[in-house]
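S.K.: build the 3D model from these lines:
(one chain, ligands or ions: 1)
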Amino acid sequence: MTAKKALFDVDALWALERLGAPSLSPDGAQAVASLSRYDMEKNQGQSSLVLLSTLGGEMRTLTHCGEKDGAPLWSPQGDLIAFVAKREQQGVKDEQPQLYVIAPDGGEARRVSQVATGIEAFKWFPDGKRIAFISWVWPGLKGAAAQARAVQAHKERKATGYVTSEALYRFWDHSIPMGRVARLHVLDIATGKTRDLFEGSDFELSRTEPDATSFDISPDGRRIVFAFDPAAEKRIDNCQALAEVDVRSGEARVLLQEDGWDFSAPAYSHAGQHLAFLASHQGLKHTAPRQLGVLDTHGNWAVLSEDWDYEVSAPLLWDEDDLGLLFCAEERGRRHLWRFDVKSCAAFVLFRGGHAASFGLEAGTLVVNHDGVQHPSRISVLEVEGDEEGLGAQWRRIETVNDKLLAGIDFGREEEVWFKGANSDGKHGDQVQMWLVYPPGFNARRKYPLMHVIHGGPHTAFGDSWHWRWNHQAFAAQGYVVACVNYHGSSSFGQAFLDSITHRWGELELQDIEAATDLLLQKPWADKRRVFATGGSYGGYMVAWMNGHVKPGRYQAYICHAGCYDWQAMFADDAYTYHAKELGAWYWDDPAKIAAQSPHAFAQHMKTPTLVIHGAMDYRVPDAQGLAYYNTLKARGVDARLLWFPDENHWILKPRNSQLWYGEFFAWLARHDKGAAKR
Ligand SMILES: CSCC[C@H](NC=O)C(=O)N[C@@H](Cc1ccccc1)C(=O)O
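M.R.: Below you'll find the predicted structure:
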C-alpha cells in the first residue's frame, strides 16, 4: 500500500529551494550556483552558494551567511569564485551589494570591494586579477570618494521629492536613481581599487536594469564592448548601439550604430575576431524579434538568423571552436537551449525544454538549469548529444534539490492541446496551443471546475515551465482543471502570430479563450456551472475585457491581478512610449481607437464578480488601474473584492504576501463556486 501523497499548496511552494544560474569551473568538473530558500516566519529569502560536481558526488554548500549570495562566477584560472552579496563581516556592514571572493575548497569569503554605490553585475577579466562591474554613479563627480560623499548626502537628504525632466524616469518598481547613471568600472581584486571607465565621457549603460549581458570583456582583456542608448533623450523604446572602450586609456568608440536597429548582448568570440550580438529591426516593426548578428573586425555585420522564425534570448555564448553560438529560445510554449552554426545558419537543439533557463559551457562540459510543469529548477549535465531536435540527448541531474519534499507530493499531469482559435486573416481559424494541468488523481468520469490562467505580455507564452507566482500545480491541487491558452499575440509561435493582434488588442485573444472554453465545456468532466477566468497584467486586462464582452453567467467569477483597465490612464506607466505602437495611436490623436481596446469603455456591461489584486509599487501597470476597476464594480453593485499590497510591485514577492495572495485567490473562487457545494 503506497503512502498517500500530500497535495501541493502554497506552504510547500515556499518550502521549495530555488537554484540559480550555474557557473562552471574552467575544467568543467564543477559548477557553482546560488540556492535560495525562504522563511515564512521571517518573511524573507536567503541565498547561499552551492558546489555541484559534473562528475558525480553530492552537492556541497560553499557559503552560509550571506543575506543574498548571488550571481557566482568562477575565475578563469579556477582559483576563486566571485559573487555579489550584502553582508556584515570584518566589522563592516554592507549598505549596498559588494563583491566577494571565496576559494572553491571553501573557507571564509573575502570582501574585495567597498563601492559606496554598490555592485550591480560583474564579469571576470581573463587575467583573473580584475573584474568589470556595473554601478550607478553621479556622472559629474570624479573618483570613488566623491561618489561615497554623494551617497551619504543622498541618504541624509531631508527633502524626499523626486524631480526630473527625463522621459524615462522609472522602471518596473523603482525610480531611475535621481541624477545617477549606470557605468562600467574596473576593480582590482588584490587592492580593491576601482576605476570608472566612463569618467569624463557621456557614455552610460541602459537605464532599464543593465546586467552582465550588457557588456563583454575581450579575450585579451584590453577592451570592453557594451550596449548603450545614443539618443540624447533616453526612452524605454529607444534603439541601442554598441561601443567599445579601451581599458587602459578609457578611450571609447562606437562600433555599431544603425538607424532603426536595436543592438544588445554583445559577446566576443574566443579568438576575438568576431562579435556576436542581438539585433532587432525596430525600424521595420516595434515587435521585430531579437535576432543573432555577427560583426567582423572590418566593421562588416550581418544578421545570421533572419530566416529563423524564433526570437533569440541573451546571453549569447560562443562555442569553444567559435563555429557556433549557444543561446536559449522559445518554441511553441517551450524554451530550448540551441546551438546556432554560424556557417550554415542552422539551429540545433541541445537541451529540449520544458524550460531551459540558463546554461554554462567549459572544457566541453555543458550544464543547464531547467524546469517544467512537473518540477522547479534543476541543474543537469549533458552526457550524450541528441539529434538536431535534441531528441535522444542524455542529460544527468547533478543535484537532488527538493527531491525529498517533492517525493511526498502528488502533482497533476499536463497536456498540450491544439485547437482552432480565432481567424486572424478572416479566412479560417488558426491553430492555437493550450496547456491543461489536471488535478492530481484526475478521473474523467467525475466533474471538475475549469479555471483559465491567462498569461501576460501579451507577447509571452505559458507552457511547460514552472511558475513561482502563478503556479499551475498549486491551482490544480485545489481541484481545478487549469487551462493556459497561448492566445494570438503570444510569443514562440512565429512573428505573424505575435503580430496578429497589433492595433486590435483584445479581439482575437478573446476569441481564442472563448473557443477554448467551448471546447473544454464539451468534455464530460467539465462542470459548466464552475468556470472561472484569472490572469495577471495583460492576463488581468483580458479578464477585465471579458467582463465587458462575455455574457454574464458564462464565467462564475474572475480574478484580475495587476490588470490594464484604462489605456488612456495607463499613460502613467513606465512604458508609455510603447502604447501607440501596440494600440495604433496616441490617445490624444484617436481616443476612439484607444477606447475600443480598453476595458473601461465597456464598464456598462460588467456584471461578473471579480477579485482585483494590485501592488502599489507597480510602475508597469500602476495600481490606479486596479483601483479604478474595483471602484467601477463597486459603483455598479457588482460583487468585488480588493487585495492591495502597499509594498509589492508587479509581482508579489514576499512569502507572507504570496501566502495571502493564494489564500484570497482560492477563497474568492470557492465563494463563487456554487457547484462545489452540491458535489
Ligand atoms: C514595454 S511595453 C509592455 C510590454 C511588456 N510585455 C511583456 O513583458 C509588459 O510589460 N506587459 C505587461 C502588460 C502591459 C502592456 C502594455 C503596457 C503596459 C503593460 C504585462 O503583461 O506584464
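
S.K.: give the phi and psi angles for the residue nearest to residue 61 when sequence neighbours are not counted, as a check.
M.R.: Counting by Cβ to Cβ, 6 or more residues apart in numbering, the nearest residue to residue 61 once its immediate chain neighbours are dropped is residue 50, at 5.5 Å. C-beta coordinates here come from the backbone N, C-alpha and C atoms, glycine included. The phi and psi values for residue 50, taken as degrees, to the nearest 10, are phi -120, psi 150.

S.K.: enumerate every residue touching residue 50.
M.R.: Shown in contact with residue 50 (Cβ atoms under 8 Å, 6 or more residues apart in numbering): 19, 32-35, 59-62, 399.

S.K.: which residue is the nearest non-sequential neighbour of residue 543?
M.R.: Take residue 543 and drop its neighbours on the chain: the residue closest to it by Cβ to Cβ, 6+ apart is residue 558, 4.2 Å away.

S.K.: hmm, that neighbour is touching residue 611, no?
M.R.: Yes. With contact defined as Cβ atoms under 8 Å, residue 558 reaches residue 611; the gap is 7.4 Å.

S.K.: which one's more surrounded, the two?
M.R.: For the pair residue 558 and residue 611, the greater number of neighbours falls to residue 558 (30 against 24), based on other Cβ atoms under 10 Å.

S.K.: ok, that one to the ligand distance?
M.R.: 16 Å (Cβ to the nearest ligand atom, to the nearest Å).

S.K.: picking up where we left off before, and the residue nearest to residue 543, which helix or strand is it part of?
M.R.: If you go by DSSP states H and E, residue 558 is part of strand 557-561.

S.K.: so what's whichever residue of the stretch 201-350 of the chain sits closest to the ligand up against?
M.R.: The ligand sits closest to residue 236 of the stretch 201-350 of the chain, with a gap of 6.3 Å, by Cβ to the nearest ligand atom. The contact partners of residue 236, taken as Cβ under 8 Å, 6+ apart, are 168, 171, 208, 574-575, 577-578.

S.K.: quick check: pLDDT value at the spatially closest residue to residue 432 that is not a sequence neighbour.
M.R.: Nearest residue to residue 432, sequence neighbours excluded (Cβ to Cβ, 6+ apart): residue 421, at 3.3 Å. Confidence at residue 421, expressed as pLDDT, is 97.

S.K.: average model confidence for the helix or strand hosting residue 254?
M.R.: In this structure, residue 254 sits in strand 252-256 according to DSSP H and E. Per-residue pLDDT over strand 252-256 has a mean of 97.

S.K.: how about stretch 288-303: buried residues?
M.R.: In terms of neighbour count (16 or more other Cβ atoms under 10 Å), stretch 288-303 has its buried residues at 288-295, 301, 303.

S.K.: that's a helix at residue 665, yeah?
M.R.: Yes. Counting by DSSP: H, G, I helix; E, B strand; the rest coil, residue 665 is part of a helix.

S.K.: excluding its backbone neighbours, what's nearest it?
M.R.: Spatially, and ignoring its direct neighbours in sequence, residue 665 is nearest to residue 559 (6.0 Å; Cβ to Cβ, 6+ apart).

S.K.: could you report the neighbour count for that neighbour?
M.R.: 29.

S.K.: how about the strands of the stretch 101-250 of the chain, start to end?
M.R.: Assigned by DSSP state E, counting those that start in this stretch, the stretch 101-250 of the chain shows strands spanning 106-111, 121-124, 130-137, 170-171, 174-175, 181-188, 194-196, 215-217, 223-228, 241-246.

S.K.: hang on, I meant the stretch 351-500 of the chain
M.R.: Using DSSP E, counting those that start in this stretch, the strands found in the stretch 351-500 of the chain span residues 355-362, 365-372, 375-384, 394-397, 409-410, 414-420, 431-437, 448-454, 481-486.

S.K.: in CSV, list those strands along with mean neighbour count and distance to residue 616.
M.R.: Formatted as CSV, the strands of the stretch 351-500 of the chain follow (neighbours: other Cβ atoms under 10 Å; distance: least, Cβ to Cβ, whole Å):
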stretch, mean neighbour count, distance to residue 616
strand 355-362, 22, 29
strand 365-372, 23, 30
strand 375-384, 20, 29
strand 394-397, 14, 40
strand 409-410, 16, 34
strand 414-420, 14, 34
strand 431-437, 22, 31
strand 448-454, 25, 23
strand 481-486, 26, 28
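
S.K.: out of those strands, which is closest to residue 674?
M.R.: Between residue 674 and the strands of the stretch 351-500 of the chain, the shortest separation by Cβ to Cβ is 10.6 Å, and it involves strand 448-454.

S.K.: that closest one vs strand 557-561, what angle?
M.R.: Per axes from the mean of the first three to the mean of the last three Cα atoms, to 10 degrees, the angle that strand 448-454 makes with strand 557-561 is 30 degrees.

S.K.: could you pull out the helices for this structure?
M.R.: Counting by DSSP state H, the chain has helices at residues 10-15, 144-155, 403-407, 472-476, 495-499, 507-521, 538-549, 576-583, 591-595, 623-635, 655-671, 674-677.

S.K.: deepest in the core, which of the ones you listed is it.
M.R.: Among the helices of the chain, ranked by average contacts under mean count of other Cβ atoms under 10 Å, first place goes to helix 538-549 (a mean of 27).

S.K.: contacts for it next, please.
M.R.: Helix 538-549 is touched from outside by 453-458, 487, 505-506, 509-510, 513, 533-535, 555, 558-565, 599, 601-608, 610, 621, 626, 629, with contacts defined as Cβ under 8 Å, 6+ apart.

S.K.: now, of those, which are buried?
M.R.: Buried among these by 16+ other Cβ under 10 Å: 453-458, 487, 505-506, 509-510, 513, 533-535, 555, 558-565, 599, 601-603, 606-608, 610, 621, 626, 629.

S.K.: if we can go back for a sec, in a markdown table, list the contacts of residue 236 along with distance to residue 80.
M.R.: Formatted as a markdown table, the contacts of residue 236 follow (distance: Cβ to Cβ, whole Å):
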| residue | distance to residue 80 |
| --- | --- |
| 168 | 37 |
| 171 | 33 |
| 208 | 31 |
| 574 | 38 |
| 575 | 40 |
| 577 | 43 |
| 578 | 42 |
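
S.K.: the ligand next: which of these are close?
M.R.: Among the contacts of residue 236, the residues lying close to the ligand (Cβ under 6 Å from any ligand atom) are 575, 578.

S.K.: and the contacts of residue 236, which are buried?
M.R.: Among those, the ones that count as buried by 16+ other Cβ under 10 Å are 168, 171, 208, 574-575, 577.

S.K.: which of those lies closest to the ligand?
M.R.: Nearest to the ligand among the buried ones among the contacts of residue 236 is residue 575, at 3.7 Å by Cβ to the nearest ligand atom.

S.K.: my read is that the closest one contacts residue 620, right?
M.R.: Yes. Contact status for residue 575 versus residue 620: in contact at 6.3 Å, counting by Cβ under 8 Å.

S.K.: picking up where we left off before, what pairs with the residue nearest to residue 543 across the strands?
M.R.: residue 533, residue 610 (DSSP bridges).

S.K.: ok, residue 360 next?
M.R.: residue 367.

S.K.: which ones are touching it?
M.R.: Listed by Cβ under 8 Å, 6+ apart, the contact set of residue 360 reads 21-24, 31, 366-367.

S.K.: tell me the gap between the lowest-mean-pLDDT helix or strand in the chain and the middle of its chain.
M.R.: The helix or strand of the chain with the poorest confidence is helix 674-677; it has a mean of 76 (mean pLDDT, DSSP states H and E). Relative to its chain's centre, helix 674-677 lies at 37 Å (Cα atoms, centre = their mean, to the nearest Å).
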